[in-house]
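Peer 1: Next one to model:
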Amino acid sequence: MKKVISIVSVVVVSLVFLSAKVVEFLPEKIDFCGEETPLHIPDVKERFDRELVVNENLHGSTILIMKRANKFFPIIEPILAKNNVPDDFKYLAVIESSLTNATSSAGAKGFWQFMPQTAREKGMEVTETVDERYHLEKSTQAACDYLIKAKEKFGSWTMAAASYNGGMSGLQKQIEFQETTNYYDLLLTDETFRYVFRILALKEIMKNAEKYGFSIPKEALYENVPTRKIEIDSAITNLTTFAKTQGVNYKELKIYNPWLRDRKLDNPDKKKYIIELPIK
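Peer 2: Below you'll find the predicted structure:
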């Protein structure tokens, strides 16, 4: 019996190994926002390789990210460009949330994973009925504001990206102690140590999908549905009733406006909100 179990175990392990796609070589060069990654440094090469191997073998998750990217990158990219923030930062949103309105165990929310206080500091509304961390355009703009400030402080986009995970003050303390401003020369917490390499890995895989075993037909990618926008400056006591007056249902209203967090919209200050609705 033990011999049979052992043989089965060997077969299972062999099948798992065979099913995992392993690219035998790393790209000769990789960069983040035009800042070259020093792959000639042994630990840098190994850290990049680790994230590449991990993410190319998270097959289902990576396929879903690629499908979502076709839908959401066209929204994110123009906002980055308008702010002169490098296009590579769209991959930061990928590793933060897998391009979903995710919620972390710490309470960070949305594509860009803002905590409530940080979101408010960046001009986003966070209340019981409205949470603009779920508003893709506004949260992307807030991320740009942060990244621009971080680039001014640390002098490189790579360090700006690292600070998005480790915090500006936390990164500054390590810079002062370790006496280097180069991300690839710093010893940081494990999460921040891996952070930029995770961005680099997803960038490499998503830009060279077939090389890494991902072949997704165009018709399988997710697409944006044409929408119309309406402006309101009053409270909405019942979102179901409101949705019906606009020719949609409650589900559709919430899907296209995930920042609406309740069954109503409080608006005592007569603030102007833009609501997006699918065109039928």
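
Peer 1: Helices along the stretch 51-200 of the chain, start to end?
Peer 2: 59-82, 90-97, 116-121, 136-154, 157-166, 168-178, 190-207 (DSSP state H, counting those that start in this stretch).

Peer 1: right, so of those helices, which gets closest to residue 266?
Peer 2: Between residue 266 and the helices of the stretch 51-200 of the chain, the shortest gap by C-beta to C-beta is with helix 116-121, which sits at 16.5 Å. Every residue, glycine included, has its C-beta placed from N, CA and C.

Peer 1: Give the buried residues for that closest one.
Peer 2: Residues 118-119 are the ones in helix 116-121 that count as buried (16 or more other C-beta atoms under 10 Å).

Peer 1: Need the contact partners of it.
Peer 2: 107, 126, 132-133, 139, 142 (C-beta atoms under 8 Å, 6 or more residues apart in numbering).

Peer 1: Next: stretch 204-218.
Peer 2: 21, 23, 27, 30, 52, 55-56, 59, 62-63, 65-67, 69, 91, 94.

Peer 1: who wins for most neighbours among those?
Peer 2: The most crowded member of those is residue 94, carrying 26 neighbours; neighbours defined as other C-beta atoms under 10 Å.

Peer 1: Could I get the pLDDT score of the closest residue to that one other than its chain neighbours?
Peer 2: Nearest non-adjacent residue to residue 94, counting by C-beta to C-beta, 6 or more residues apart in numbering: residue 202, 5.0 Å away. If you check residue 202, the pLDDT there is 97.

Peer 1: now swap in residue 260 and tell me
Peer 2: 98.

Peer 1: what is it paired to in the beta sheet?
Peer 2: For residue 260, the beta-bridge partners are residue 130 (DSSP bridges).
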